[in-house]
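Enquirer: below are the sequence and a predicted model; questions follow.
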Amino acid sequence: MPPSAEFGSVAVPDPTLHFPRILALHGGGTNAIIFKTQCRVLEPALNSHFRLVYVQAPFPSLPGPDVLSVYKEWGPFKAWLVSASLPAPQTAAEKSRVARDVVGKLNHAIATALSADDLLGATGPVVATLGFSQGAKLAASILMTEQTQRRRLAAQGLYSAGLTTAWPDLRFAVLMAGRGPFIWLEPESETPEGMLEAWHPWSAQVEPVVSEDAEEDEHLLALPTLHVHGLKDVGLEFHRKMLEQYCAPGSTTLIEWDGDHRLPIKSKDVRDVVDQVIALGRATGVLD
C-alpha cells in the first residue's frame, strides 16, 4: 500500500508519487526544511503535475542574512559549496582533491534525498531542478555540466541520453534569484572554458576566461531555463547577468515580480511561475 497522509481516520494516498520529480535546492545559509516552508505556496500549485524532492546541502554554513528573523531555531544551516572562510587550496593537487570532495558530497546529497523519496514510494523520473539563490547557481551548474559532457561524448560518437554523467538526466531548470558563474561538476575531466572548478568557494567573484578561439556558444547554457527575478532584489543585476551572459539566447524564459530576495507567495506570482514550469515540462517532453 502506498504511503498516505492522515486526515482524522481517513488515509489519503499521495497523488504525486508517480509524477515527474524536480530537485529542490535551497539557498545558502538555510536548509531543506526551511526551503520546503518557503515553497509552501509554490509546491501545492506544482503538485498537479510534478513532485518536489528537497535536497539538503552538505556543507556547514552561517545562517543567511534574512534567515535569523524567522528561522533562527531551524538549524543546522547549510551551503552547497565550501565557505570563503576556509583556507583556499594552493597547489594543483590540493585543488583537485577539494574539487573531488565537493562534487562527491553534492552527488551524495542528491542521491540521499532521492533514495529517501524512493522509500516513500515515489517512482517518477527526475526531470528538472528548481533552485533559489545559491541553489540556483548549483541547478544551472548541473545543467551546464550535463550539456558539456553530452557534447564531448557526441563528438566521440558515444552520446546516449541518460548515460552521460553521474547527475540525473535533467531537461530544464527553474532559476530563482541565481547568479553565475557556473561550477564544473565533473572534476575527473578537463574544466571547460567559462566555468569554475568546484574548489572555489560559493562566494567567489572570479570571472572565468573564455578564449577568442572558443566556439561561439560552447560556454553558454542552452538547455531550457526559467529565470524568476524579484525586481526589488538587491542582487537583481547579477541575476540578469546570469540570464544574459551565461545562457544561450532563445533558451530562456523570464518572469519578473514585485519582490525582494525571497520566493514569491502571492497567488498571481506563483501562478505565473507554475504556468511556465508546466509549459517547460510540455516543451521538453516531460509532460503529455
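Expert: Looks like it came in fine.
Enquirer: and the helices in the stretch 51-200 of the chain?
Expert: Taking DSSP state H, counting those that start in this stretch to define them, one finds helices in the stretch 51-200 of the chain at 68-71, 92-119, 134-155.
Enquirer: take those and write them to TSV, including mean neighbour count, distance to P224 and mean pLDDT.
Expert: Where you see a C-beta, it was placed from the backbone N, CA and C, and this is true even at glycine. Shown next, in TSV, are the helices of the stretch 51-200 of the chain (neighbours: other CB atoms under 10 Å; distance: least, CB to CB, whole Å; pLDDT from 0 to 100):
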stretch	mean neighbour count	distance to P224	mean pLDDT
helix 68-71	13	32	81
helix 92-119	16	20	94
helix 134-155	22	9	90
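Enquirer: next, format these as CSV and append distance to N31.
Expert: Formatted as CSV, these follow (distance: least, CB to CB, whole Å):
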stretch, distance to N31
helix 68-71, 9
helix 92-119, 11
helix 134-155, 11
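Enquirer: among those, which comes closest to F35?
Expert: Shortest separation from F35 across the helices of the stretch 51-200 of the chain is recorded for helix 134-155, at 7.6 Å, computed as CB to CB.
Enquirer: which helices and strands does the closest one pack with?
Expert: Helix 134-155 makes packing contacts with strand 21-25, strand 126-132, strand 172-176, strand 182-183, strand 195-196, helix 236-246 when contacts are defined by 3 or more CB pairs under 8 Å, 6 or more residues apart in numbering; DSSP states H and E.
Enquirer: the ones you listed: lowest mean pLDDT?
Expert: Least confident of these, judged by mean pLDDT, is strand 195-196 with a mean of 91.
Enquirer: list the residues that contact A122.
Expert: A122 makes contact with 16-18, 21, 51, 53 under the criterion CB atoms under 8 Å, 6 or more residues apart in numbering.
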